[in-house]
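Turn this into a structure:
(one chain, ligands or ions: 1)
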Amino acid sequence: MAAKVALIMGSKSDWDTMRPATEIMTELGVEHHVEVVSAHRTPDKLMEFAENAVARGYSVIIAGAGGAAHLPGMVAAKTRLPVLGVPVQSRALNGMDSLLSIVQMPKGIAVGTLAIGTAGAFNAGLLACQILAVQDPALAERLESFREAQTSTVLDNPDPRED
Ligand code: RP5
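Predicted coordinates for the structure are as follows:
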């Protein structure tokens, strides 16, 4: 089956942060492509990737980057596909730089921004699945089961002193 989601990141050093996005997509049976695309180190590759994303059959792009994180915004500027941006936690500024770089898109080009770090990456994967589920009833059912199981985990063990 062709990948419906492209997960890109600015550097191999982002992989540990971005991995949770792949874990939830795998759990929910959503094919995804993973690749390093750097806005500042490989700008031509970034343009080629974004320009051909529709033709390659992707429906959603997840883009993670840290520091002066241009990747999600630049990709969004070159494709009409929804782009979900994940701010990677930077060492110097704890990811506030990444967050503000991604979230403060000027009017006219949209990037959906998730939380800093692994929670944001997981939720980007989850949100990509939710977007695809709008037109995929089988995936929608798997999502419902995931949410029910998550709810049960909390309801079945409400005592905070127990594991
Ligand atoms: C960004 O710069 C990447 O997204 C990464 O978060 C950060 C540091 O990259 P490396 O210097 O570790 O390759 O482009």
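
Could you list the residues of the chain in contact with the ligand?
Contact residues of the chain with respect to the ligand, defined by Cβ under 6 Å from any ligand atom, are listed as M9, G10, S11, S13, D14, S38, A65, G66, G67, V88. For every residue, glycine as well, the C-beta is placed using N, CA and C.

Who are the contact partners of the fifth one?
Meaning D14. For D14, the contacting residues are V36, G64, A65, G66, V88, by Cβ atoms under 8 Å, 6 or more residues apart in numbering.

Using the three-state scheme, assign it.
Counting by DSSP: H, G, I helix; E, B strand; the rest coil, the backbone at D14 sits in helix.

measure G125 to D14 for me?
Relative to D14, G125 is positioned 14 Å away (criterion: Cβ to Cβ, to the nearest Å).

what's the closest of the residues of the chain next to the ligand to G29?
Proximity to G29 was ranked across the residues of the chain next to the ligand by Cβ to Cβ; first place goes to M9, at 22.2 Å.

ok, that closest one - contacts?
M9 makes contact with W15, T17, M18, V36, V37, A63, G64, A65, L71, V88, according to Cβ under 8 Å, 6+ apart.

What strand or helix carries the second one?
Read that as T17. According to DSSP states H and E, T17 maps onto helix 15-27.

Adjacent strands (with direction) for the helix or strand following that helix?
Past helix 15-27, heading to the C-terminal end, the next element that is a helix or strand (DSSP H and E) is strand 32-36. As defined by DSSP bridges, the strand partners of strand 32-36 come to strand 5-9 (parallel).

got the angle for the strand it pairs with vs helix 15-27?
Between the direction of strand 5-9 and that of helix 15-27, the angle (axes from the mean of the first three to the mean of the last three Cα atoms, to 10 degrees) works out to 170 degrees.

And for the nearest residue to V86 once chain neighbours are set aside, the neighbour number?
In space, not counting the residues next to it along the chain, V86 is nearest to G64; the distance is 3.9 Å by Cβ to Cβ, 6 or more residues apart in numbering. By other Cβ atoms under 10 Å, 29 other residues sit near G64.

Based on its surroundings, how many neighbours for the residue nearest to P87 when sequence neighbours are not counted?
The shortest distance from P87 to any non-neighbouring residue, by Cβ to Cβ, 6+ apart, is to S98 (3.5 Å). Counted by other Cβ under 10 Å, the residues lying close to S98 total 31.

Which residues are in contact with S98?
Residues in contact with S98, defined by Cβ under 8 Å, 6+ apart, are A65, G66, G67, A69, P87, V88, Q89, S90, I116.
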